[in-house]
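Asks: build the 3D model from these lines:
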Amino acid sequence: ARAMNTDPRKLADRARDLAEFNPMLGFRGCRLAIAYPEIAEMQARAIFEAAVEAEKRTGKAVGLEVMVPLIATKAEFDLVKARIDATAHSVMKETGKKLAYQVGTMIELPRACLMAGDIAQTAEFFSFGTNDLTQTTYGISRDDAASFLGTYVAKGILEIDPFISVDRDGVGELVKIGVDRGRKTRPDIKVGICGEHGGDPASVAFCHEIGLDYVSCSPYRVPIARLAAAQAALGKFGPDVLRRGRALEEQVLEQVRHAGLAVTLVARAHAQRQVDRRRGLARVGHQQQLHAVAQFEGRDAFDVAAR
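Replies: Numbers count the residues shown, from 1 in each chain. Modelled structure (predicted):
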């Protein structure tokens, strides 16, 4: 309040006005950018100015992909995209630099999957946010779904927690519809998924089957995702591979949930990078990730890589 030179009570009242009981389905994503366009402008300006600065320092142009989240209609996307484009033009005019960028969207709602053909008229890429798409398809929140999903799996209603492995018949079908309709409008559109499913072997195999271009996942799942992608490309995704992949994933997730090892892993990786810089080494990469998974499992890194 002091920095804004305003009454603290006014800010407190405004905070109460904006409070939501369930923000997961509320005032977020592109809805914020539509109600408050300055938010989209601020974020876009930060991205574009950073790209200009990066090019100055490295001498290499930065290829940018700006993603608009939680789109349900083409009209929403077009409104936000117009702000992003205007900001890009302003930055280019101010700096005298030309920026190469694309504006796409995160497909997280069933309606967006069904309307993908329309949205692809102006969206240049799709990233299917399968975490939220699972929530909005099932009508459940992953924040508290653990209270009953275990019972559903135990009673055979669900084969596996849909937040761990993508539901091919429901959520997966919506993704397929979105991909097909999007590519019918824009054949060269880049499509992928973003979320925890990107590190699940069975989900990666599904993405390969329907022709997605990439998967994105949390850093500690990267080794599993890379291995799964290689196996899918080689056509080696039999039941035994899926079973072992899921078992590995469950072990990692269980230890992360109970011991906070994800935070520890990030801290260790960061500390190791600092050491590597001082020593002039470059050892951060795939091998470290394999060792990280090996630490979770109590196995040798070579064994993890082989599997």
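Asks: residues contacting the residue lying closest to Gly211 once chain neighbours are set aside?
Replies: Closest residue in space to Gly211, ignoring its immediate chain neighbours: Val179 at 6.9 Å, by Cβ to Cβ, 6 or more residues apart in numbering. C-beta coordinates here come from the backbone N, C-alpha and C atoms, glycine included. Val179 makes contacts with 116, 126, 191, 210-212, as judged by Cβ atoms under 8 Å, 6 or more residues apart in numbering.
Asks: dihedrals phi and psi, Tyr101?
Replies: phi -150, psi 160 (degrees, to the nearest 10).
Asks: burial check on it, number of neighbours?
Replies: Using other Cβ atoms under 10 Å, Tyr101 has 17 neighbouring residues.
Asks: hang on, it packs against Glu65?
Replies: Yes - with contact defined as Cβ atoms under 8 Å, Tyr101 reaches Glu65; the gap is 7.1 Å.
Asks: ok, the closest residue to Arg221 other than its chain neighbours - contacts?
Replies: Nearest residue to Arg221 in three dimensions, chain neighbours excluded: Gly199, at 2.6 Å (Cβ to Cβ, 6+ apart). Going by Cβ under 8 Å, 6+ apart, Gly199 touches 215, 217-218, 221-222, 224-225, 249.
Asks: per-residue pLDDT, Gly199?
Replies: The model reports Gly199 with a pLDDT of 88.
Asks: can you check Glu254 too?
Replies: Taking Glu254 on its own, its pLDDT is 61.
Asks: cool, and Val153?
Replies: Looking at Val153, its pLDDT reads 94.
Asks: if we can go back for a sec, quick check: the residue nearest to Arg221 vs Ser141, distance?
Replies: 21 Å (Cβ to Cβ, to the nearest Å).
Asks: again, but for Asn5
Replies: For Asn5, the distance to Ser141 equals 39 Å [Cβ to Cβ].
Asks: stretch 107-117 spans what distance, first to last residue?
Replies: Stretch 107-117 has its terminal residues 12 Å apart, counting by Cα to Cα, to the nearest Å.
Asks: mind listing what's buried in it?
Replies: Buried residues in stretch 107-117, defined by neighbour count with 16 or more other Cβ atoms under 10 Å: 107-110, 112-113, 115-117.
Asks: looking at the chain, which helix or strand is least sure?
Replies: Among the helical and strand segments of the chain, the one scoring lowest on mean pLDDT, DSSP states H and E is helix 301-306, with a mean of 39.
Asks: any regions of the stretch 1-150 of the chain where pLDDT drops low?
Replies: 22-23 (pLDDT under 70).
Asks: I'm done for today, thanks for sticking with me.
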